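prediction below, plus the sequence it came from.
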Amino acid sequence: GHEARPHLLADGPQFPRVFNATSGALFYAFLTHCEQVFSPALQSLLQAYAKFSGAPLIVNTINNCRRAPKGDLPVLVSEDTVVSQPAKILNFLRRQKYNADYDLSAKQGADTLAYIALLEEKLLPALLHTFWIESENYCSVTKPWFASRIAFPLSLYLPGKMSREALNRILLTKGGPPLYSLTEVEAQIYRDAKECLNLLSKRLGTSQFFFGDTPTTLDAFVFGFLAPIYKVCFPRVQLQEHLKQLPNLCRFCDDILTCYFRLTVSDGRQPS
Amino acid sequence: MQAVSLLPSIVPGDLPGGFPTSVPEEMRIKRDCKKMEQEIHTSFIFSAINILAAEPWPENAALYQQLKEEQILLSDNASSLAVQAFLQMCNLPVRVICRANAEYMSPSGKVPFIHVGNQVVSELGPIVQFVKAKGHSLSDGLDEVQKAEMKAYMELVNNMLLTAELYLQWCDDVTVEEITYPRYGSPYPWPLNRILSYQKQWEVRRKMKAIGWAGKTLEQVLEDVDQCCHALSQRLGTQPYFFNKQPTELDALVFGHLFTILTTQLITDELSEKVKNYSNLTAFCRRIEQQYFEGHEKDSSTTAAHSSKRSLLR
């Protein structure tokens, strides 16, 4: 058996599988791997958004990627509509009147877009690196976790492919003169990620959520990025250590986990 | 040995004395040249160490970009204009020098880059930090939350506007054929011009694929531009600058991109129409142009760019 099960949000019996199911429309989210190669973040993002906006969502971890239409995951299936890609999924939920942003002013809507761009540019590369490229992490946590959720023989091939795609993305967007080696690129992306975390912490300050007392799309995005960093127990954890020095961000994650996912959090070491 | 590449104009033929007329003369010039190389190398080390002792901004600071009329592309023009606007806002004089090989001279491969004293710095981010080390800053008056917001909006512009410009000029087949290919390699003879263009296009397309933009259609890209402009317009509101009274590097960056989009002739007007939909953004561009660029009528390098294009803002 596996010696160290990763404590991801959607892992195992600790995590409730069915949220506010209603007799009406049922949304099935097949979530294992997505184009942007950061499924754990995406999972938490979508679930957080669904929670905030009250959308009924059933999370199914897919056993066979081939069943997904067009081979393009994650996929949201509602009756006869099939939607892929995270931004489109969020738009779809919004159009179905599950909107977490009704009370935002126009300027706050603009801020949301800007902060999401900041997360994608500065935090995402380090997240990808921690999950898919840092070899200790990848071999001991990420690969076994993914492989256990995908049918053989895809489990032999798919994690490696995703790892290569992550490396490719990082090298193409961040690598280039004057950074000539992978170590230099890695140093730069972790510096950027730590600065991004600091900026988020300053922006959050002492408020409960980013725009007041109710959570919005931005909170879902930030939570989606932070929760995997915060909760997954990797061997190499420089980003997690930095995050733990920002108590308001840790409190933000814990609040969402306890309020919206109805899970108890004790000293941050328990599986969430 | 980076030292020699910092000063591209130093070659033996340029030394006082002209070309060697005899063998001993040639040896002397070569020896002088070597000595000069060593001096440059040591002075480079010293100035690198002394950089935080804040040398004053020299008179002969230069900004390098590609050739303005024939070669430079939309995205590079936008980046260069953003840096020029930033330096104008800081009141730091800089000459704009156009070279065909500017991209290759740059330490990071991207234009523009500035040559100040013995330092060469490229791209807006590092230039802002370099200028800050010299004691000039536009964002000192902002509090921590505002600084975070400013950085987030700068990432938004880079993420959406710059990527959209790159997409348009390298991935849209019509634009590539009619504008990019002729312009990008124009200083070079055939077949080098074609080879360089293909190589660059391959690089850009690879990057677009990695970030998920390769599958987008032109309409989707224009929609993203619209979304970005909408966000910028909302954030700007009725204020003169993004952080009310004083311009910051965000204003310089937004100006660089929007002004270039508004004043560059492409195949269609779709891109500039997206920006024109937001009147406060066009007013913003006009205001910055009037305040920071029209005051330098004598400087031919800036007016040449703006005088012919100014009418497009009417």
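That came through fine.

show me where the stretch 151-272 of chain A has helices.
Counting by DSSP state H, counting those that start in this stretch, the stretch 151-272 of chain A has helices at residues A:154-174, A:182-204, A:217-231, A:238-244, A:247-261.

where along the stretch 1-150 of chain B do the helices fall?
Counting by DSSP H, counting those that start in this stretch, the helices of the stretch 1-150 of chain B are B:2-6, B:23-50, B:74-89, B:102-105, B:124-133, B:144-156.

most tightly packed of these?
helix B:74-89 (a mean of 24; mean count of other CB atoms under 10 Å in any protein chain shown). (Each C-beta comes from the backbone N, C-alpha and C, glycine too.)

the inter-axis angle of it versus helix B:144-156?
If you take axes from the mean of the first three to the mean of the last three CA atoms, to 10 degrees, helix B:74-89 sits at 150 degrees to helix B:144-156.

touching chain A at all, helix B:74-89?
No: Helix B:74-89 is not in contact with chain A by CB under 8 Å from any CB of the partner chain; minimum separation 14.9 Å.

so what does that helix touch, helix or strand wise?
Secondary-structure packing of helix B:74-89 (3 or more CB pairs under 8 Å, 6 or more residues apart in numbering or on different chains; DSSP states H and E): strand B:62-65, helix B:124-133, helix B:163-171, helix B:249-263, helix B:279-292.

what's in contact with the shortest one?
Applying CB atoms under 8 Å, 6 or more residues apart in numbering or on different chains, the external contacts of strand B:62-65 come out as B:72, B:76-77, B:80, B:83-84, B:87, B:94-99, B:102, B:105-106, B:111-116.

go through that strand and flag the buried ones.
By 16 or more other CB atoms under 10 Å in any protein chain shown, the buried positions in strand B:62-65 come out as B:63, B:64, B:65.

so which of these would you say is closest to chain A?
Chain A has its nearest neighbour among those in residue B:64, at 15.5 Å by CB to the nearest CB.

chain neighbours aside, what residue packs nearest to that closest one?
residue B:102 (4.6 Å; CB to CB, 6 or more residues apart in numbering or on different chains).

count of residues packed around residue A:221?
By other CB atoms under 10 Å in any protein chain shown, 23 other residues sit near residue A:221.

and the closest residue to it other than its chain neighbours, how close does it get to residue A:190?
Counting by CB to CB, 6+ apart, residue A:116 is the residue found nearest to residue A:221 once chain neighbours are left out, at 5.4 Å. Using CB to CB, to the nearest Å, we find residue A:116 at a distance of 21 Å from residue A:190.

which one's more surrounded, these two?
For residue A:116 and residue A:190, the more surrounded residue by other CB under 10 Å is residue A:116, and the numbers stand at 20 against 17.

using PDB, write out every CA atom in stretch B:199-211.
Output of stretch B:199-211 as PDB, limited to C-alpha atoms (Å, rounded to 0.1, in the frame of the first residue of the first chain):
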ATOM      1  CA  GLN B 199      12.100  31.200 -36.400                       C
ATOM      2  CA  LYS B 200      10.500  33.900 -34.300                       C
ATOM      3  CA  GLN B 201       7.000  32.700 -35.300                       C
ATOM      4  CA  TRP B 202       7.800  29.200 -34.300                       C
ATOM      5  CA  GLU B 203       9.000  30.400 -30.900                       C
ATOM      6  CA  VAL B 204       5.900  32.500 -30.300                       C
ATOM      7  CA  ARG B 205       3.500  29.800 -31.500                       C
ATOM      8  CA  ARG B 206       5.200  27.300 -29.100                       C
ATOM      9  CA  LYS B 207       4.700  29.700 -26.200                       C
ATOM     10  CA  MET B 208       1.000  30.300 -27.200                       C
ATOM     11  CA  LYS B 209       0.400  26.600 -27.300                       C
ATOM     12  CA  ALA B 210       1.900  26.200 -23.800                       C
ATOM     13  CA  ILE B 211      -0.300  28.800 -22.300                       C
END
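
residues of that stretch that come out buried?
Of the residues in stretch B:199-211, B:200, B:201, B:204, B:205, B:207, B:208, B:210 count as buried by neighbour count, 16+ other CB under 10 Å.

check what pLDDT the last one gets.
Put plainly, it is residue B:210. Model confidence at residue B:210, given as pLDDT, is 85.

re earlier: which residues touch the residue nearest to residue B:64?
Contacts of residue B:102 by CB under 8 Å, 6+ apart are B:64, B:65, B:66, B:111, B:112, B:113.

reformat the residues you listed as a markdown table; add pLDDT and distance to residue A:174.
Formatted as a markdown table, the contacts of residue B:102 follow (pLDDT from 0 to 100; distance: CB to CB, whole Å):
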| residue | pLDDT | distance to residue A:174 |
| --- | --- | --- |
| B:64 | 94 | 24 |
| B:65 | 93 | 24 |
| B:66 | 92 | 24 |
| B:111 | 88 | 19 |
| B:112 | 92 | 20 |
| B:113 | 93 | 19 |
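
just flag the most distant two among these.
B:66 and B:113 (11.4 Å; CB to CB).

up against chain A, what does chain B have?
Counting by CB under 8 Å from any CB, chain B sits next to chain A at B:107-109, B:144-145, B:147-149, B:151-153, B:155-156, B:158-160, B:206-207, B:210-212, B:227-228, B:230-232, B:234-235, B:237.

so residue B:106 makes contact with residue B:127?
No: taking CB atoms under 8 Å as the definition, residue B:106 is not a contact partner of residue B:127, at 11.7 Å.

got the contact list for residue A:172?
Neighbours of residue A:172 in contact, by CB under 8 Å, 6+ apart: B:206, B:207, B:210, B:211.

I'd say the last one and residue A:170 touch.
Yep, that's residue B:211 we're talking about. No: with contact defined as CB under 8 Å, residue B:211 does not reach residue A:170; the gap is 10.8 Å.

any idea which of the helices of the stretch 151-272 of chain A is most buried?
For the helices of the stretch 151-272 of chain A, the highest mean count by mean count of other CB under 10 Å goes to helix A:217-231, at a mean of 25.

that older thread, so which of the helices of the stretch 1-150 of chain B comes closest to residue B:169?
That would be helix B:74-89 among the helices of the stretch 1-150 of chain B, by CB to CB, at 5.3 Å.

mind saving the C-alpha coords of stretch A:195-206 as CSV?
Taking C-alpha atoms only, stretch A:195-206 is exported to CSV below (Å, rounded to 0.1, in the frame of the first residue of the first chain):
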residue,chain,number,x,y,z
GLU,A,195,6.2,37.8,-3.5
CYS,A,196,2.7,37.0,-4.8
LEU,A,197,1.8,35.4,-1.5
ASN,A,198,3.0,38.5,0.3
LEU,A,199,0.9,40.7,-2.0
LEU,A,200,-2.2,38.6,-1.4
SER,A,201,-1.6,38.8,2.3
LYS,A,202,-1.3,42.6,2.2
ARG,A,203,-4.4,42.8,0.1
LEU,A,204,-6.4,40.6,2.4
GLY,A,205,-5.4,42.4,5.6
THR,A,206,-7.7,41.6,8.4
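
which stretches of the chain aren't confidently modelled?
Because you didn't say which chain, this covers chain A. Within chain A, the segments meeting pLDDT under 70 span A:1-103, A:149-151, A:260-272.

actually it's chain B I care about, not the one you picked
For chain B, the stretches with pLDDT under 70 are B:1-25, B:38-54, B:295-314.

recalculate using a threshold of 80.
Applying pLDDT under 80 to chain B picks out residues B:1-55, B:244, B:295-314.
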